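J.: Take this sequence and fold it.
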Amino acid sequence: MARALVVGAGNMGRRVAEALEADGGFEVVGMVGRSGAEELAAGRPEADVAIDFSAPGMLGSLVSWAKATGGAVVSGTTGLSEAQMASLAELGEQVPVVWSANYALGVVVLKRLVAEAASALPGWDVEVVETHHSRKADAPSGTALALVNAIDPEGARPRVYGREGQVGARTKEEIGIHSLRGGTVAGTHEVHLFGTDEELCLTHRAGSASIFATGAVVAAKWALSAAPGLHDFDEVLFGGAR
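T.: Down below sits the predicted model:
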């Protein structure tokens, strides 16, 4: 039985622990919150894989833990800076690391559908709308940004984050990104493609945050036998070098 460490003691951490126990293939050896960052950085407790749904401020301790123990890392923490993402890539030179802004199985499929639709409909206007609960701290969501990247992987098209005032007509190249916050919404992502006299809308709705925990456990099982590297959830589901 594989040993799993949960990093993040909030709602998602509890859901991850429940999903690990329900899977039956893991022993949860600990759940570490912010108060345990120093112990984590020292490499305790040891585990085969750590699943991280914490906050950007915990990343340094998590990286130190992985370097000390050799354990694999599965992270769903969003809002990471470019430097923090670079540290995950560097960690991937030593251990398997999976990072994704969203571990819902349907979102992985949505990204593929969105990329195909945008390619098949050149010249159509694209707007991305994401909705989350009132407690979400970062905006736009990491998943919204991942959807935009699926449409424009080279980053050549300008991103427009909301609109206010006399902004003028939208350009054909820009991608609009909008964030809604309220209530207890687990997560809704919509990609609107507008042509002449027609619109295509691709949508994913999360019924509860438990789907992200379930997906993270799928990623953790994959990571246990994966080669070192910084992997994404697409690679876990659709295959790639291991």
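J.: where does the spatially most central residue of the chain land on pLDDT?
T.: Geometric centre of the chain, nearest residue: residue 101, 1.1 Å, by CA atoms, centre = their mean. pLDDT recorded at residue 101 is 86.
J.: Now do the contacts for the closest residue in space to it that isn't next to it in sequence.
T.: Distance criterion CB to CB, 6 or more residues apart in numbering; nearest residue to residue 101, sequence neighbours excluded, is residue 142 at 2.7 Å. Placement of C-beta: from N, CA and C, glycine included. If you count contacts by CB atoms under 8 Å, 6 or more residues apart in numbering, residue 142 has them with 78-79, 101-102.
J.: Secondary structure and distance to residue 229 added to the residues you listed, as TSV?
T.: Below are the contacts of residue 142 laid out as TSV (DSSP: H, G, I helix; E, B strand; the rest coil; distance: CB to CB, whole Å):
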residue	secondary structure	distance to residue 229
78	coil	20
79	coil	23
101	coil	18
102	coil	20
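J.: could those residues be laid out in CSV, adding distance to residue 178?
T.: Below are the contacts of residue 142 laid out as CSV (distance: CB to CB, whole Å):
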residue, distance to residue 178
78, 17
79, 18
101, 17
102, 17
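J.: What segments of this structure are strands?
T.: For the chain, the strands defined by DSSP state E cover 2-7, 26-32, 49-52, 72-75, 96-99, 125-132, 159-161, 175-181, 188-195, 198-205, 229-231.
J.: The ones you listed: which one's closest to residue 86?
T.: With CB to CB, the closest approach to residue 86 among the strands of the chain belongs to strand 229-231: 9.8 Å.
J.: What are the structural domain limits within the protein?
T.: By the record's domain assignment, the chain is partitioned as 2-103+209-238, 105-205 (automatic domain parsing).
J.: Deepest-packed of these, please.
T.: Highest mean neighbour count among the domains of the chain (mean count of other CB atoms under 10 Å): domain 2-103+209-238, with a mean of 19.
J.: Any idea how far apart the tips of it sit?
T.: Domain 2-103+209-238 has an end-to-end distance of 23 Å (CA to CA, to the nearest Å).
J.: Identify all contacting residues around stretch 52-68.
T.: Stretch 52-68 has contacts (CB under 8 Å, 6+ apart) with 5-8, 10, 12-13, 16, 33-34, 37-38, 40-44, 50, 71-77, 79-81, 84, 87-88, 91, 94-95, 97, 212-213, 216.
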